[in-house]
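Participant: Sequence first, predicted coordinates after that:
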Amino acid sequence: MLKRLLIASLCLGCVLQSCAQDLNVKGKLFIIGGGSRPAAMVERIVKESGIDKEGYGIVLPMSSSEPDSSAYYATNQFYKLGVNNVYGLHFVKDEKIQRSKLDSIRNAKLIYISGGDQNRFMDVVVGTEIETIIHEAYKNGSLIAGTSAGAAVMSEMMITGNELKHPDYASTFRNIEYENIEIQKGLGLITNIIVDQHFVKRSRYNRLLSAIIEYPELVGVGIDESTAILVSGNTMEVVGESQVIVFKNPNKSKTTFEDKLGAKGIVLNIYLPGETFTID
């Protein structure tokens, strides 16, 4: 019951914040569904952040169990394009953070969150100055990018990847069940959607359908590998090589039979590279 109340409060926060967010934020989000990043995608990150002209980027590798390796591979994708002003910046839970490290986030034109485990990342940053300063940078015009786990953390309500009723991990849900999807607090850089990643490749439809039936005030955005959405205000552009799947539950429909979930009037749209869509 306590968990449900926590999620309900997050949902209310999503509704109250989503309108104000677009008016106040100068930055953009670049949310990548995992997998490889084509050179053209990395070039787009560079262009949108402006780090080819001025400033610098940082990589936050805290999702990874091997942060040094994660930072290396993340920065290397920029180095291959001749962009050498991107640096790894690692934090550990409960560390006494030097002001210079926080300033490095605050002043970065690009903040890139690498892949791994979204729960590991949030365990380090939730409720800290790191989280606050990421929001500050985004509000002031920085590009916040993330791949895989780094994509999942973007939304206020974050899919953890765990099933409450089936503790043995599977890359996709085998059922659409009542109170099975585990949701935790993400960074909340965007509040009116819930993000899923590796979407088409790993057939994560059951997982995202469960989310938008259980939390119908949110729009489910499933981003495939080697694909991203560039978020500017309430406009989203598909960038990369594959599709973005968007689920909506406009009638807030939800029925149950034993532990199975049902719904009527679910809207599904499939967007291709270069297409744009809006979410109010």
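Facilitator: Right, received. Where do you want to start? Residues are numbered from 1 along each chain as shown.

Participant: Let me know the helix or strand that residue 45 is in.
Facilitator: helix 39-49 (DSSP states H and E).

Participant: Nearest residue to residue 241 in space, please, no chain neighbours.
Facilitator: Counting by CB to CB, 6 or more residues apart in numbering, residue 241 lies nearest to residue 226, which is 4.4 Å off, once chain neighbours are set aside. C-beta coordinates here come from the backbone N, C-alpha and C atoms, glycine included.

Participant: Please report the distance of the one you found from residue 180.
Facilitator: The gap separating residue 226 from residue 180 is 29 Å, by CB to CB, to the nearest Å.

Participant: do residue 135 as well
Facilitator: The spacing between residue 135 and residue 180, counted by CB to CB, is 31 Å.

Participant: So these two - more neighbours on which side?
Facilitator: Taking other CB atoms under 10 Å, residue 135 and residue 180 do not tie; residue 180 has more neighbours (20 against 16).

Participant: and that one, what are its phi and psi?
Facilitator: phi -110, psi -30 (degrees, to the nearest 10).

Participant: Isn't it up against residue 166?
Facilitator: Yes - taking CB atoms under 8 Å as the contact criterion, residue 180 and residue 166 are neighbours in contact, 7.2 Å apart.

Participant: quick one: low-confidence parts of the stretch 1-150 of the chain?
Facilitator: 1-23 (pLDDT under 70).

Participant: Now with 90, please.
Facilitator: Scanning the stretch 1-150 of the chain for pLDDT under 90 picks out the ranges 1-24.

Participant: mind listing the strands in it by residue range?
Facilitator: Secondary structure of the stretch 1-150 of the chain (DSSP state E, counting those that start in this stretch): strands located at 28-32, 57-60, 86-88, 110-113, 143-147.

Participant: Kindly report the same for the stretch 151-280 of the chain.
Facilitator: Taking DSSP E, counting those that start in this stretch as the test, the strands found in the stretch 151-280 of the chain are 157-163, 181-185, 193-197, 219-223, 227-232, 235-240, 244-248, 255-257, 260-262, 267-271, 276-278.

Participant: Using a markdown table, lay out the ones you listed together with mean pLDDT and distance to residue 47.
Facilitator: Below are these laid out as a markdown table (pLDDT from 0 to 100; distance: least, CB to CB, whole Å):
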| stretch | mean pLDDT | distance to residue 47 |
| --- | --- | --- |
| strand 157-163 | 95 | 28 |
| strand 181-185 | 96 | 31 |
| strand 193-197 | 97 | 22 |
| strand 219-223 | 98 | 20 |
| strand 227-232 | 98 | 10 |
| strand 235-240 | 98 | 11 |
| strand 244-248 | 98 | 20 |
| strand 255-257 | 97 | 46 |
| strand 260-262 | 98 | 42 |
| strand 267-271 | 98 | 21 |
| strand 276-278 | 97 | 17 |
